[in-house]
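Novice: Take a look and give me a structure for this.
(chains A, B, C and D)
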Protein chains: 2
Amino acid sequence: MESRPDFSYVAKLMGDSSRAAMLEALLGLDGLPTNELARKANVSLQTASGHLAKLVEGNLIRVEKHGRHRYFRLASPDVAHAIETLTVIAPAPNIKSLKNFSRAEKVRIARTCYDHLAGKLGVSLTEAFIQKGYLAEGENDFLVTDKGEKFFSDFDINLDVLRNQRRYFARKCLDWSERRYHLAGALGNAVLLRLLDLHWIEKLPDRAVKVTRTGRVGLYESLGITDCKV
Amino acid sequence: MESRPDFSYVAKLMGDSSRAAMLEALLGLDGLPTNELARKANVSLQTASGHLAKLVEGNLIRVEKHGRHRYFRLASPDVAHAIETLTVIAPAPNIKSLKNFSRAEKVRIARTCYDHLAGKLGVSLTEAFIQKGYLAEGENDFLVTDKGEKFFSDFDINLDVLRNQRRYFARKCLDWSERRYHLAGALGNAVLLRLLDLHWIEKLPDRAVKVTRTGRVGLYESLGITDCKV
DNA sequence: TGGATAATTCGGTTATAATCGAAGTATGGA
DNA sequence: TCCATACTTCGATTATAACCGAATTATCCA
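Specialist: Numbers count the residues shown, from 1 in each chain, chains lettered A, B, ... in the order given. Have a look, this model is predicted:
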């Protein structure tokens, strides 16, 4: 047949719900041990162990041994990107209960997407940067303006360091919940870390993110963002 | 659980080898009938019919009825993009026979990727555009220079029309065989169509593309491309 | 060293879904 | 109208792989 990498092999790996749940969990966290991933996927430890071995074999995740503990993380940003791309073409979920609805809302509003901010907050933030003239919108990435160079420098984000990283600098990432773009790449990650550092946001379980009181004030004063409900 | 579109659902759809073969076939052609897709996937007509129904149900493909014939095509460029993204993270194929090797080589050198040129030719062409100063490289897309505006206009490609299309204009697409970028998006498609129109290239079976004699001369004279073996 | 904890491996069970022959439905054309 | 062609649906078969209890291995710590 066609001698090309077999995408169905990795698709099949991702197509199992337990494995998908584990990949999902790893999207928002920088490493998890086997028993935690088993819990996240709601399967037994032995089942999780088998699945993780397959994901490692398929080069979707990597394992690091720390004594008796084995920590797994995604193998590369390309894997995260593939998951997001699949999420864009996946059917929208069916909200079945109020508990699920409120959790869905929380995740929709603000969450981490791999290593940057997503959801309504991620999109609001990104659009505020654009509106303030710090970012300009390219076709698939954002460009930092001169004004933005100064803003991010004052915000304690060193753009030169970010540009030297071996990854995308300021990438547009289509947000599945807002269907607009949020800022990804090295700059997106730096913004996330900075906001955490300032305690303007804090992480909730399952990748949800909450804006703090301090954060509401900070976001309003620095960027004019007012819709920080959560 | 997590209330987010379920990427494992579409991954599972793509994870079946018969369905993957059909999606693959649709990457390079603008619509195929049921019996042709059954042949491509090497399954019976009834099996293909069942699979195609699932792909339609999952919104990965669309069907158009033409009397007794039903033509299927990919539902959107996003689906093609997802397939390419998965291909990037998929394991490299194992070349097993000489027949497979020569076919793999042919596909590696030049092929259509959705609706634009890929492989060595696609990459060479793209890099020639850059070297000649017609395209500038952005982070995730290409920018057409002033010099390029004139070149493409002289080459009978109307950039303004392309820019008004509701799709990416000039996108970087990571080539799985070359591990460098080729030109995708509306401009990538326009280039493919123009080269076909000029009879500089012609399509071979299974998405392979061959450079003609005329094409070798044309590509050399207009862009200095010399490695047009095939 | 022995017990506790983390994880892997083994093997049997069971659910899932791809597969195709047969039959049925839909469309085109003489 | 009848026959040919394209395609869908039905139902039985069979292959695949997820699952977990039990057993085993690996590591840590008192």
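Novice: Kindly provide the distance from the closest residue to A:Ala190 other than its chain neighbours to A:Cys173.
Specialist: On the basis of Cβ to Cβ, 6 or more residues apart in numbering or on different chains, the spatially nearest residue to A:Ala190 that is not a chain neighbour turns out to be A:Ile157, at 4.8 Å. C-beta coordinates here come from the backbone N, C-alpha and C atoms, glycine included. Applying Cβ to Cβ, to the nearest Å, the value for A:Ile157 to A:Cys173 is 18 Å.
Novice: for A:Trp200, same thing?
Specialist: Taken as Cβ to Cβ, the span from A:Trp200 to A:Cys173 is 21 Å.
Novice: Could you check which of the two is surrounded by more residues?
Specialist: For the pair A:Trp200 and A:Cys173, the greater number of neighbours falls to A:Cys173 (26 against 19), based on other Cβ atoms under 10 Å in any protein chain shown.
Novice: that's a strand at that one, yeah?
Specialist: Yes. Under DSSP: H, G, I helix; E, B strand; the rest coil, A:Cys173 falls within a strand.
Novice: surely A:Lys210 meets A:Leu196?
Specialist: No. Taking contacts as Cβ atoms under 8 Å, A:Lys210 lies outside contact range of A:Leu196: 11.2 Å.
Novice: what do those two both touch?
Specialist: Residues touching both A:Lys210 and A:Leu196 by Cβ atoms under 8 Å, 6 or more residues apart in numbering or on different chains: A:Glu202, A:Lys203.
Novice: Could you break chain A into its assigned domains?
Specialist: Using automatic domain parsing, the domain parsing of chain A gives A:7-84, A:95-223.
Novice: Strands of chain A, start to end?
Specialist: Ranges of strands within chain A are A:32-33, A:61-66, A:69-74, A:111-113, A:116-118, A:135-137, A:142-144, A:171-174, A:181-184, A:201-203, A:209-211, based on DSSP state E.
Novice: and the residue nearest to A:Ala190, what does it touch?
Specialist: A:Leu187, A:Ala190, A:Val191, A:Arg194.
Novice: and if you look at A:Val10?
Specialist: Contacts of A:Val10 by Cβ under 8 Å, 6+ apart are A:Gly58, A:Leu60, A:Ala82, B:Leu86, B:Ile89, B:Ala90, B:Pro91.
Novice: Give me the subset of those lying in helices.
Specialist: The helices, defined by DSSP state H, take in A:Ala82, B:Leu86, B:Ile89 from those.
Novice: give me the low-pLDDT residue ranges for chain A?
Specialist: Low-confidence segments of chain A (pLDDT under 70): A:1-4, A:28, A:93-110, A:112-115, A:139-140, A:166-167, A:174, A:176-179, A:205-206, A:228-230.
Novice: So which bits of it are right by DNA strand D?
Specialist: Taking Cβ under 7 Å from any atom of the strand as the measure of proximity, chain A contacts DNA strand D at A:12, A:16-18, A:43-44, A:46-47, A:50-51, A:54, A:65, A:67-68.
Novice: try 10 Å this time
Specialist: Counting by Cβ under 10 Å from any atom of the strand, the positions of chain A adjacent to DNA strand D are A:9, A:12-13, A:15-19, A:21-22, A:38, A:41-51, A:53-54, A:65-70.
Novice: Using PyMOL, define a selection of the buried residues within the residues you listed.
Specialist: To isolate the buried ones among these in PyMOL, judged by 16 or more other Cβ atoms under 10 Å in any protein chain shown, type:
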select buried, chain A and resi 9+12+13+15+16+17+18+19+21+22+38+41+43+48+51+70
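Novice: which of the residues of chain A next to DNA strand D come close to DNA strand C?
Specialist: Applying Cβ under 10 Å from any atom of the strand to those, those adjacent to DNA strand C are A:15-17, A:38, A:44-51, A:53, A:65-70.
Novice: how much space between the residue in chain A that DNA strand D sits nearest to and chain B?
Specialist: Closest approach between chain A and DNA strand D, counting by Cβ to the nearest atom of the strand: A:Gly67, at 2.4 Å. Separation of A:Gly67 from chain B (Cβ to the nearest Cβ, to the nearest Å): 30 Å.
Novice: Phi first, then psi, for that residue.
Specialist: Here is the backbone geometry of A:Gly67 (degrees, to the nearest 10): phi 60, psi -130.
Novice: Look up how far DNA strand C lies from the residue nearest to A:Ala190.
Specialist: Plainly put, A:Ile157 is 35 Å away from DNA strand C if you go by Cβ to the nearest atom of the strand, to the nearest Å.
Novice: that older thread, can the ones in helices among the contacts of A:Val10 go into a markdown table with extra columns for distance to B:Pro77 and neighbour count?
Specialist: Output for the ones in helices among the contacts of A:Val10, formatted as a markdown table (distance: Cβ to Cβ, whole Å; neighbours: other Cβ atoms under 10 Å in any protein chain shown):
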| residue | distance to B:Pro77 | neighbour count |
| --- | --- | --- |
| A:Ala82 | 16 | 28 |
| B:Leu86 | 15 | 27 |
| B:Ile89 | 19 | 23 |
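Novice: from these, which are also near DNA strand C?
Specialist: Applying Cβ under 10 Å from any atom of the strand to the ones in helices among the contacts of A:Val10, none is adjacent to DNA strand C.
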